[in-house]
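[1] I'd like to go over a predicted model; first the sequence, then the structure.
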Amino acid sequence: MLVADAGIRLKAPGPGIDQKEHHTVPIPMIGLNSRLHLGKYVDLTAKISGLPAGQYGYIYDLDGSLDINPIKYVGISLGYRFMGVRAKYEDNLVQIQLKGPFASINIRF
C-alpha cells in the first residue's frame, strides 16, 4: 500500500483568497512478490505492484533486493527501487518518477 500525502495552497491577494487544503490518502495496490532462497540466511526478493486508473493514469512500484537475515527476527535489505505516477485530468498533468538504491533494517514479529 502506498500513502499519498498532498497539500495545496491557493493565494490571490486581490480578491482576498488564501486557502489551504491537506489530505493523506491510502492507495491500495495489486502486485506480486517473489523470493529466491540462496542460502540459509540470504534471499533475493523481487516485488512489483501498481494500480491502473484507465484514462486518468497509473501508479507503479518495482524493487529488487538482496536480503540477509542473520537473526531470526532481524534482517538487512540492499536493493534498487523504481516508482512512478502519472495522473491526467482535463488539462492537468502530474508525472513523477523516482528511482535509486535503498538499504533497510527489517524487524519482523
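    Sure, I can see it. Numbering: from 1, shown residues only.

[2] State the distance from Val94 to Asp5.
    14 Å (Cβ to Cβ, to the nearest Å). Where C-beta positions appear, they are placed from N, C-alpha and C, glycine not excepted.

[3] who's more crowded, those two?
    Val94 (11 against 8; other Cβ atoms under 10 Å).

[4] What's opposite Gly50 in the beta bridge?
    Ile30, Tyr60 (DSSP bridges).

[5] got a list of what it touches?
    Residues in contact with Gly50 (Cβ atoms under 8 Å, 6 or more residues apart in numbering) are 29-31, 58-61.

[6] Filter these down to the buried ones and express that as a PyMOL selection.
    In PyMOL, a selection of the buried entries from these looks like this (16 or more other Cβ atoms under 10 Å):
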select buried, resi 59+60+61
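
[7] Looking at the contacts of Gly50, which two lie furthest apart in space?
    The distance between the two most remote of these (Cβ to Cβ) is 12.9 Å, for Gly31 and Tyr58.

[8] Then Gly14 would be within a strand, right?
    No: under DSSP: H, G, I helix; E, B strand; the rest coil, Gly14 falls outside any strand and is assigned coil.

[9] Direction included, what does the lowest-mean-pLDDT helix or strand in the chain pair up with?
    Using mean pLDDT, DSSP states H and E, the weakest-scoring helix or strand in the chain turns out to be strand 2-12, at a mean of 77. Strand pairing for strand 2-12, using DSSP bridges, gives strand 17-27 (antiparallel).

[10] tell me the mean pLDDT for the partner strand?
    For strand 17-27, the mean pLDDT works out to 83.

[11] just the CA coordinates of it, formatted as PDB?
    This file holds the C-alpha atoms of strand 17-27, laid out as PDB (Å, rounded to 0.1, in the frame of the first residue of the first chain):
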ATOM      1  CA  ILE A  17      -8.300  34.500  -1.200                       C
ATOM      2  CA  ASP A  18      -5.900  32.500   0.900                       C
ATOM      3  CA  GLN A  19      -7.000  28.800   1.300                       C
ATOM      4  CA  LYS A  20      -5.000  25.700   2.200                       C
ATOM      5  CA  GLU A  21      -6.000  22.000   1.800                       C
ATOM      6  CA  HIS A  22      -4.100  19.000   3.100                       C
ATOM      7  CA  HIS A  23      -5.100  15.300   2.700                       C
ATOM      8  CA  THR A  24      -3.500  12.000   3.300                       C
ATOM      9  CA  VAL A  25      -4.900   9.100   1.300                       C
ATOM     10  CA  PRO A  26      -4.000   5.400   1.400                       C
ATOM     11  CA  ILE A  27      -3.700   3.900  -2.100                       C
END
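
[12] Perfect, I'm done here.
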